[in-house]
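Undergrad: how would this look folded up:
(one chain, ligands or ions: 1)
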Amino acid sequence: MPDAALRPANLLIVDDDPLIIQAIARALNGLGRLRFATGGREALALASTEPPDLLLLDAQMPDLNGLEVLRQLRERPDTRDLQVIVITSQSDDATEQAALELGAADFLGKPVRPAVLLARVRTQLRLKQALDGLRQQATLDQLTRCANRHVLMEAIEREWARALRERQRFSLLLLDVDHFKRFNDRYGHLAGDQALVTVAEVLRQCAGRPGDLAARYGGEEFAVLLTGADREGAEAVAQCLRERLAARALPHEDGVNGRLTVSIGAASFGPDCHGWSDQPTGPVPGGHAWSANLLLNLADQALYEAKRRGRDQAVFVRIELDSGTP
Ligand SMILES: Nc1nc2c(ncn2[C@@H]2O[C@H](COP(=O)(O)OP(=O)(O)OP(=O)(O)O)[C@@H](O)[C@H]2O)c(=O)[nH]1
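TA: Residues are numbered from 1 along each chain as shown. Coordinates of the predicted model:
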């Protein structure tokens, strides 16, 4: 019987016996998209290319047994939290305990009883759906559906460390809607909310590459994190943002040029940066700790400078990696 509350799911069924795969697939028919693997290595590859909502994993397989597959999945960031049901003909306590300790959500003995399997799979899919909802709430800004500040701060720390380790480029843009208080005062708070949604849409259009992150930093302020992007990359994204927002032509009679605009401050760094350019506030004082927070502060200073210069523009700073710290 179809479960109305259950969204179509993506399931991966792994067993070295094609007949068992067929039996499981028949039992789960109608739950969504089913993919199959007949070995442990193939299962790992499929799971990391496109993590399923639920993995049904045979414990005994010749190339790589199910528990080893599970252990390796737990070590990889993209598959660490996968929901897994282990299915085995060896339903002894030790195997069951090992599977559960590796974070298996459930454990089923063979032969598989279709109705029981279906009931247990549905339970796991319901849990996964609820978890996805909670994750979204914890990471997305409710109004704009951009990443929230918490996700942004974690990403900045992570990318900062990675950029230092791998000598990668990395840029951060901060955006602030111009004269937004006046916008709210003239058009009302709901129109203000809608304007923020529009800015967020434009942000996602211009920063849509893998590794880009568009986030609401707070109030009428947004941030864009661009991994692998130098100052030229940051300039291209800033230009895209300003042009696309201009194309939306949101009226703002008390704003700059009669329409809604943003000011942008950007900080970029990477091994090929040689000193500052267009620096708004002078060099970083000696002894100041270089950190992800400093990068944020620099972008903020650049933003302040963009405001000071008349708004509706972008100001860029670069950080040199090769002299002193970092
Ligand atoms: N509608 C709406 N307004 C918000 C939201 N968050 C913050 N604001 C408003 O954004 C305005 C920000 O005002 P200010 O910080 O004075 O800045 P500004 O008017 O944009 O001026 P400049 O930044 O100097 O160009 C305040 O009036 C806030 O109430 C929101 O979620 N929705």
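
Undergrad: could you measure the closest residue in space to Thr123 that isn't next to it in sequence against Arg169, distance?
TA: Spatial nearest neighbour of Thr123, excluding adjacent residues (C-beta to C-beta, 6 or more residues apart in numbering): Asp106 at 7.8 Å. To be clear about C-beta, it is placed using only N, CA and C from the backbone, and glycine gets the same treatment. Asp106 sits 45 Å away from Arg169, going by C-beta to C-beta, to the nearest Å.

Undergrad: Would you map the helices across the protein?
TA: For the chain, helices defined by DSSP state H occupy the ranges 18-27, 40-49, 66-75, 93-101, 114-139, 149-166, 180-187, 189-206, 231-248, 292-308.

Undergrad: Mind putting the ones you listed into TSV with distance to Val84?
TA: Shown next, in TSV, are those (distance: least, C-beta to C-beta, whole Å):
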stretch	distance to Val84
helix 18-27	14
helix 40-49	9
helix 66-75	6
helix 93-101	8
helix 114-139	9
helix 149-166	26
helix 180-187	47
helix 189-206	32
helix 231-248	39
helix 292-308	34
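
Undergrad: of all of the stretch 101-250 of the chain, which residue lies closest to the ligand?
TA: Nearest residue of the stretch 101-250 of the chain to the ligand: Gly192, at 2.5 Å (C-beta to the nearest ligand atom).

Undergrad: That residue: neighbour count?
TA: Other residues near Gly192 number 18, with proximity taken as other C-beta atoms under 10 Å.

Undergrad: and it, what does it touch?
TA: Gly192 sits next to 180, 183-184, 220 when contact means C-beta atoms under 8 Å, 6 or more residues apart in numbering.

Undergrad: again, 7 Å this time
TA: Shown in contact with Gly192 (C-beta atoms under 7 Å, 6 or more residues apart in numbering): 180, 183-184.

Undergrad: picking that back up, just checking, which of the helices of the chain comes out with the lowest mean pLDDT?
TA: Among the helices of the chain, helix 149-166 carries the lowest mean pLDDT, a mean of 85.

Undergrad: tell me the angle of that one relative to helix 114-139?
TA: Between helix 149-166 and helix 114-139, the angle comes out at 90 degrees (axes from the mean of the first three to the mean of the last three C-alpha atoms, to 10 degrees).

Undergrad: Around the ligand, which positions in the stretch 201-326 of the chain sit nearby?
TA: Within the stretch 201-326 of the chain, the positions near the ligand by C-beta under 6 Å from any ligand atom are 219-220, 307, 311.
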